[in-house]
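A.B. asks: sequence first, then the predicted structure:
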Amino acid sequence: INISLYTLDSEKFEISQGVRRGLLDRSILGVDAALAAGYRDMKLNYVMESKDFLSDLLSVLAFANARNLTVVVLPLIASLGAKQIISLRDLNELIRSLGVIREEISADEAGIQRSLLTLESGSRVLLRLNELGNIGPFAACEKCAYSSECQEGIFPMRLSDSGVLSPCLANPT
């Protein structure tokens with residue numbers, strides 16, 4: 001299970017999710033319910049827009065650490081309209097500046113390298129190490145208007161809180 005969690009600030013969360021009161025509280029309850037039900041291989045996805053969002057990242061890392069979860073940190077997809085986007089290289093440098101005590105590098109079937117970092121705080125962060133280029137496992141990726149700039153890094157289907165299935169975040173239709 002991967003759950004998107006970009007902030008623990010309820011006001012920011014509601015704005016980013018379309019102003020649905022109580023959604024952050026329900027999301028946190030959902031994480032805790034999944035853990036209580038025995039799901040241990042759960043990850044939190046955090047999309048980093050820029051260095052200005054470091055305080056949100058730190059709060060999500062602390063939340064995850066308290067629950068023994070890993071945070072997958074990704075750069076924002078350029079096509080989603082961010083004003084100041086952090087590069088994958090800068091993102092890696094930023095995370096490493098938080099203090100790394102252990103690193104495990106792996107690659108998936110598509111050759112995408114990832115690094116699992118354990119930080120001095122005890123938090124675990126999973127980072128992609130290489131740009132994706134034209135790697136895309138779905139036929140729909142080839143036809144997508146955003147494929148040339150997509151840097152999403154995770155390809156599974158998404159299930160929104162409203163029950164809608166989506167093949168990616170860049171083109172949710």
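C.D. replies: Perfect, thanks for sending it.

A.B. asks: and the helix or strand where Ala33 lies, which residues are buried?
C.D. replies: Here Ala33, judged by DSSP states H and E, is contained in helix 23-36. Buried residues in helix 23-36, counting neighbours by 16 or more other CB atoms under 10 Å, are found at 23-24, 27-28, 31, 34. C-betas here are computed from N, CA, C, even on glycine.

A.B. asks: nearest to Ser123, of those residues?
C.D. replies: Ser123 lies nearest to Val31 out of these, by CB to CB, at 15.3 Å.

A.B. asks: for the closest one, give me its contacts.
C.D. replies: Going by CB atoms under 8 Å, 6 or more residues apart in numbering, Val31 touches 3, 5, 42, 44, 67, 69.

A.B. asks: and if you look at Leu91?
C.D. replies: By CB under 8 Å, 6+ apart, Leu91 lies in contact with 48, 73-75, 127.

A.B. asks: which among those count as buried?
C.D. replies: Buried members of the contacts of Leu91, scored by 16+ other CB under 10 Å, are 48, 73-75, 127.

A.B. asks: include secondary structure when you put these into JSON lines, please.
C.D. replies: Converted to JSON lines, those look like this (DSSP: H, G, I helix; E, B strand; the rest coil):
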{"residue": "Met48", "secondary structure": "strand"}
{"residue": "Val73", "secondary structure": "strand"}
{"residue": "Leu74", "secondary structure": "strand"}
{"residue": "Pro75", "secondary structure": "strand"}
{"residue": "Leu127", "secondary structure": "strand"}
